[in-house]
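> here are the coordinates; sequence isn't available:
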């Protein structure tokens, strides 16, 4: 029952309690796609960057921004998603991923979709957290999930070491999928996000530690509204000095069209029907308003009340403008 769920007040009290603490691992995230234990084997460098998201919030866009800031808009040695491996994704052997990272001579930027309660935290690392309205996330998840190739689903389910059940193909009905996404979690400590991670619980796990100087929050809506200003904020946080003459190239390289063209086409076609065209879809917000009914939106409201503090919810739905920044 709704009234049996935690109220916002205990969550706010918890957030204040955590303000003098550092993150600790509380959960092990292992399933058909994830193995959070992989983070135990990386040797962090003093200037490492971790890009953290719940998925479909602008992860690849942010990887492109960081890559172009590091290289000042010059030609990259590879596509950003190849330079910036997803460490806990278990399909690629961990030895291969860790070897790739160990051999990189440029400043490293690593992708994760883990909540902060499942990720090894290090004071030397700079963490970029990227958020987006969960309803917009859902529309991107729907497009992504229903586009998985049969080969991708088979690979997820048959790669040795899978913990838990297989992932099933995407339902045909977007409304059925929404109800499942908003009322069921993959892990027992989650209450939405199935068959992926809970996007709401995910952001709150990071928001609780936003006081830490090496965690920086970026919002998809802010990047969309004023890319140059937000990219400069990211550069300032990462302590990257960007020459003024480099900005036109950085801005050009981070457009949807340019990133779609530069993506590894063959690799994406193996995973998604339509390849890069599907992976870099529309990149727009508010499409959910034309799809979800009032009753369906009420499911989101209930889930958000359970999972998020009021301030975190305002930021997640609106970006920094909701906080007066």
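Okay, I see it. Keep in mind the model is a prediction, meaning the values are calculated, not measured.
> Next one, pLDDT for the residue nearest the centre of the chain please.
For the chain, the residue sitting closest to the mean C-alpha position, by CA atoms, centre = their mean, is residue 53 at 1.9 Å. Residue 53 is assigned a predicted lDDT (pLDDT) of 97.
> Distance check, it against residue 114.
In this structure, residue 53 and residue 114 are 10 Å apart, going by CB to CB, to the nearest Å. In short, each C-beta sits where N, CA and C put it, glycine included.
> Kindly tell me how buried residue 96 is, as a neighbour count.
10 (other CB atoms under 10 Å).
> what's near enough to touch it?
By CB atoms under 8 Å, 6 or more residues apart in numbering, no residues touch residue 96.
> Strands along the stretch 151-300 of the chain, start to end?
When secondary structure is read from DSSP state E, counting those that start in this stretch, the stretch 151-300 of the chain shows strands at 215-219.
> Poorly predicted segments of it, please.
In the predicted model of the stretch 151-300 of the chain, residues 261-270, 274-284 satisfy pLDDT under 70.
> where along it do the helices fall?
Using DSSP state H, counting those that start in this stretch, the helices of the stretch 151-300 of the chain run over residues 174-183, 199-207, 220-225, 227-238, 247-253, 256-262, 265-271, 276-279, 294-307.
> Quick one: closest of those to residue 127.
When these are compared by CB to CB, helix 199-207 sits nearest residue 127, at 7.9 Å.
> Show me what the closest one is packed against.
With contacts taken as 3 or more CB pairs under 8 Å, 6 or more residues apart in numbering; DSSP states H and E, helix 199-207 sits against strand 126-131, helix 134-145, strand 215-219, helix 294-307, helix 310-318.
> The first one pairs with which strands, parallel or anti?
The reference is to strand 126-131. The strands that strand 126-131 pairs with in its sheet are strand 49-52 (parallel), strand 215-219 (parallel) (by DSSP bridges).
> between it and helix 134-145, how many degrees?
Per axes from the mean of the first three to the mean of the last three CA atoms, to 10 degrees, the angle that strand 126-131 makes with helix 134-145 is 90 degrees.
> Now do the contacts for the closest residue to residue 112 other than its chain neighbours.
Using CB to CB, 6 or more residues apart in numbering and skipping residues adjacent in sequence, the residue nearest residue 112 is residue 52, 5.1 Å away. Residues counted as contacts of residue 52 (CB under 8 Å, 6+ apart) are 112-114, 116, 119, 127-130, 206.
> So residue 52 versus residue 317, what's the distance?
Distance from residue 52 to residue 317, by CB to CB: 19 Å.
> for residue 29, same thing?
Counting by CB to CB, the separation of residue 29 from residue 317 is 25 Å.
> same check, this time on residue 126
Counting by CB to CB, the gap from residue 126 to residue 317 is 26 Å.
> Next: residue 294.
17 Å.
> before we move on, what about residue 93?
Distance, residue 93 to residue 317, using CB to CB: 39 Å.
> For the residue nearest to residue 190 when sequence neighbours are not counted, give me phi and psi.
What sits nearest to residue 190 in space, not counting adjacent residues and going by CB to CB, 6+ apart, is residue 198, at 4.0 Å. Main-chain torsions, residue 198, degrees, to the nearest 10: phi -70, psi 110.
> how far away is residue 221 from residue 130?
Applying CB to CB, the value for residue 221 to residue 130 is 11 Å.
> Same question for residue 116.
With distances taken as CB to CB, residue 116 is found 13 Å from residue 130.
> quick check: mean pLDDT across stretch 133-142?
Stretch 133-142 comes out at a mean pLDDT of 95.
> Also stretch 92-112?
Stretch 92-112 comes out at a mean pLDDT of 97.
> in it, what counts as buried?
For stretch 92-112, the neighbour count (16 or more other CB atoms under 10 Å) marks 94, 97-98, 101, 107-112 as buried.
> Switch those residues over to JSON lines; also include distance to residue 181 and secondary structure.
Shown next, in JSON lines, are the buried residues of stretch 92-112 (distance: CB to CB, whole Å; DSSP: H, G, I helix; E, B strand; the rest coil):
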{"residue": "94", "distance to residue 181": "29", "secondary structure": "helix"}
{"residue": "97", "distance to residue 181": "29", "secondary structure": "helix"}
{"residue": "98", "distance to residue 181": "33", "secondary structure": "helix"}
{"residue": "101", "distance to residue 181": "32", "secondary structure": "helix"}
{"residue": "107", "distance to residue 181": "36", "secondary structure": "coil"}
{"residue": "108", "distance to residue 181": "33", "secondary structure": "coil"}
{"residue": "109", "distance to residue 181": "29", "secondary structure": "strand"}
{"residue": "110", "distance to residue 181": "27", "secondary structure": "strand"}
{"residue": "111", "distance to residue 181": "22", "secondary structure": "strand"}
{"residue": "112", "distance to residue 181": "21", "secondary structure": "strand"}
